[in-house]
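Novice: Pasting a predicted model and its sequence here:
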Amino acid sequence: MSTLEEAKKAVVEEFSMYDEWLDKYEYLIDLGKNLEPYPEEEKTEDKLIKGCQSRVWLDSRFEDGKIYFKADSDAIITKGIISLLIWVYSGREPKEIAEDDFGFISEIGLKENLSPTRANGLVSMIERIKELAKEKAATLDDNVLTAEDAKALAPLYDNVVLALKQVYDPEIPVNIYDLGLIYELIINKRHETYIKMTFTAPTCPMADEVLADVKKSVSDVPGIKACEVELTFDPPWDQSMLSEEARIDLGMD
Amino acid sequence: MRIQDIRNMFPALTASVYGKPLVYFDNAATSQRLDSVVRKMEDLAFWKNANIHRAVHSLASAATEEYESARDAVREYINAASREEIVFTSGTTDSINLVAFSFGESFVKEGDEIVVTEEEHHSNIVPWQMLCQRKGAVLKVLEVDDQGHLKTEDLRSLVTGKTKLVAVTHISNVLGIINPVKEIVNICHSMGCPVLVDGAQGIVHESVDVQDLGCDFYAFSGHKIYAATGTGVLYGKKEWLDKMVPYQGGGEMISTVRFSGTTYAPLPGKFEAGTRNINSIPTLKPAMDFLKLLRDKELQKETAAVRDFLLQALLSHERVRLYGVPRGTEAKIPLFSFTVDGAHHEDLALILDKMGIAVRSGQMCAEPLMDRYGVTGMVRVSLAPYNTMEEAEKFVGSLDKAISMLI
């Protein structure tokens, strides 16, 4: 299968062969007539993109990391364009579609000359393709959490914090968490943990041991798959980062 | 006078699209502008731009004179009894909303009824729905038959003692059949019910005499009669307008303003709050002058021939279904909405556009009527007196070519 860029280029080249608009339409009508049939019984209200002019039905399915589209319209020229869109975008990774600008539609003159009406089915269909791809890409993206993901992660965060509270800098009688050394804690959907932390001073002699301790303590939390620790001194630590408990333990209040 | 003489008054008609001479057949949406209209706008914007009615300086009085003489021209053209009965608005939609609000506030209460017809433009449906929602009133609908004629006789049972107003279009923007407005007014008046006529298309194709029609309100737009966009008229009988509360509050519409209370200006100022479209309203005057030119018998004969040719061509076309089939050609304006078996209205309009012919496709802002005929949309061609037989013939040939591409 060609890449997205190659497919778009092929369409633009195909269209450049026709000088006359009516020839472009003949070509689109032909494509429309040959579009894979869309079962009548699947033309349900939730698949319908209602425009002022033509109606478009669009359905998608996800398989092996790729998103596949199926569509139909009651107008044949729109159907021809659907056929082009499906040929270019169906069977690609959601992320790739979501990041595409669909600029080739303008390049072949379709967007401006074909769809001057608001609420046109075609414009709405492109929006819907992008939307579906974006939604799918988002669920595949580690950084975007669904409600269920968040629910599953909440107890892990609690347990990782407890694990961090077991780790001490041997020179200070307060654990590293309450000391305010942890700048960032992220657990992704694959339950991999990322920690960004600091030390009270860049010259801390026990730094390596403490880092190894953090990594082990967190990795030992049931459910945690891996732990990555990054050290930073930006911003530098100061006493304002101490927790309330730490201040009491250190007799600072 | 000939069609070619009319054409010469519209610079836009010399335009080309996609390298082909423009055939403009979407006149029911908006007409092209008269050169005299554009020159009037330019003159007002450049040389007579001052706010009307208020200041004493000479520019203001020139602007006021232009604005008020347009009122006289409209009064004369539609034969209203007095100039107080002519209210300037931004268009038909604005005119109808004004009545729906001001008449509604003054006369409609819970349980009352408003009657509209199945062939109304959304502009003559939605303002009444909003009124009914506001007041707890009921919206009733007069049906249209398969050929596109209103079932006028049904009004006698539809209108009851609770019916406060009947709103009906003079000519549907989809069906193009001239409704028997005078008969409708007679029926409604005999039952004590006033009538509002949506004249958006009626004013274009009929010689409107509001006193002869007897209607209580008549609403129309300037942009469909070759005047500037954003201009419109509400004709209302003085006896109604006097009793109706104002639509909008503001400057111009007042007599005295005190925090203890305000008194309103006499008609028509009471309904013209704020600064109106003062550079454009006066173009209604050259538009009225132009409409009078169209009464020329020779011209009417020529344009009727174009209409009859199209009517016959579409009626006899084996794949075309025409909506709004007149009992006699005289009852039909040169406006034809149709569907083609096996070809979608959008496809037809797209292909015709690329052939240089501007037509309308879709629901034409009349969804209930589309539902009535069981279609998702139609193609509409609507002509003005500047459209020639040659253009009509070109359209018929192009339609056939478009159909053969699609089927």
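Specialist: Looks like it arrived, so ask away.

Novice: domain parsing for chain A?
Specialist: Listed by automatic domain parsing, the domain ranges of chain A are A:4-140, A:147-249.

Novice: Please state the offset of the shortest one from the chain centre?
Specialist: If I follow you right, that is domain A:147-249. Domain A:147-249 sits 27 Å away from the centroid of its parent chain (Cα atoms, centre = their mean, to the nearest Å).

Novice: what about it, start to end distance?
Specialist: 38 Å (Cα to Cα, to the nearest Å).

Novice: B:Val116: what secondary structure?
Specialist: strand (DSSP: H, G, I helix; E, B strand; the rest coil).

Novice: Please name the residues that touch it.
Specialist: By Cβ atoms under 8 Å, 6 or more residues apart in numbering or on different chains, B:Val116 lies in contact with B:124-125, B:128, B:139-142, B:166-168. Backbone N, C-alpha and C define where each C-beta goes, glycine included.

Novice: gap between it and B:Val138?
Specialist: 11 Å (Cβ to Cβ, to the nearest Å).

Novice: rewinding a little: to B:Asp26, which of the domains of chain A lies closest?
Specialist: Closest to B:Asp26 of the domains of chain A is domain A:4-140 (Cβ to Cβ; 12.5 Å).

Novice: Show me what the mean pLDDT comes to for that closest one.
Specialist: Averaging pLDDT along domain A:4-140 gives 86.

Novice: got it, and stretch B:228-237?
Specialist: 98.

Novice: For it, could you pull out the residues that count as buried?
Specialist: Within stretch B:228-237, the residues scored as buried using 16 or more other Cβ atoms under 10 Å in any protein chain shown are B:228-237.

Novice: burial measure for B:Ala273, as a count.
Specialist: 18 (other Cβ atoms under 10 Å in any protein chain shown).

Novice: what does the one 10 residues further on give?
Specialist: The number of residues packed near B:Thr283 is 29, by other Cβ under 10 Å.

Novice: next one: A:Lys151
Specialist: 10.

Novice: got it, and A:Gly223?
Specialist: Using other Cβ under 10 Å: A:Gly223 sits among 12 other residues.

Novice: So it sits against A:Leu156, correct?
Specialist: Yes: under the criterion of Cβ atoms under 8 Å, A:Gly223 makes contact with A:Leu156 at 5.6 Å.

Novice: and for those two, which residues touch both?
Specialist: In contact with both A:Gly223 and A:Leu156: A:His191, using Cβ under 8 Å, 6+ apart.

Novice: With adjacent residues omitted, what lies nearest to whichever residue of the stretch 1-150 of chain B sits closest to chain A?
Specialist: Of all residues in the stretch 1-150 of chain B, B:Tyr18 sits closest to chain A, at 6.1 Å by Cβ to the nearest Cβ. Computed as Cβ to Cβ, 6 or more residues apart in numbering or on different chains, the closest residue to B:Tyr18 that is not its neighbour in sequence is B:Lys354, at 5.7 Å.

Novice: Find the residue at the geometric middle of the chain.
Specialist: Chain wasn't specified; assuming chain A. Against the mean C-alpha coordinate of chain A, by Cα atoms, centre = their mean, the closest residue is A:Ala138 at 3.1 Å.

Novice: Determine the three-state secondary structure at that residue.
Specialist: helix.

Novice: do you know how far it is from A:Pro94?
Specialist: 8 Å.

Novice: again with B:Ser207
Specialist: 63 Å.

Novice: repeat for A:Gln53
Specialist: Taken as Cβ to Cβ, the span from A:Gln53 to A:Pro94 is 29 Å.

Novice: Who has more neighbours out of those two?
Specialist: Counting neighbours by other Cβ under 10 Å for A:Gln53 and for A:Pro94 shows that A:Gln53 has the greater number, 26 against 22.

Novice: so what's the more buried one closest to, chain neighbours aside?
Specialist: B:Glu346 (4.1 Å).

Novice: Wasn't that neighbour part of a helix?
Specialist: Yes: counting by three-state DSSP, B:Glu346 is part of a helix.

Novice: Near it, how many other residues are there?
Specialist: Residues near B:Glu346, counting by other Cβ under 10 Å: 30.
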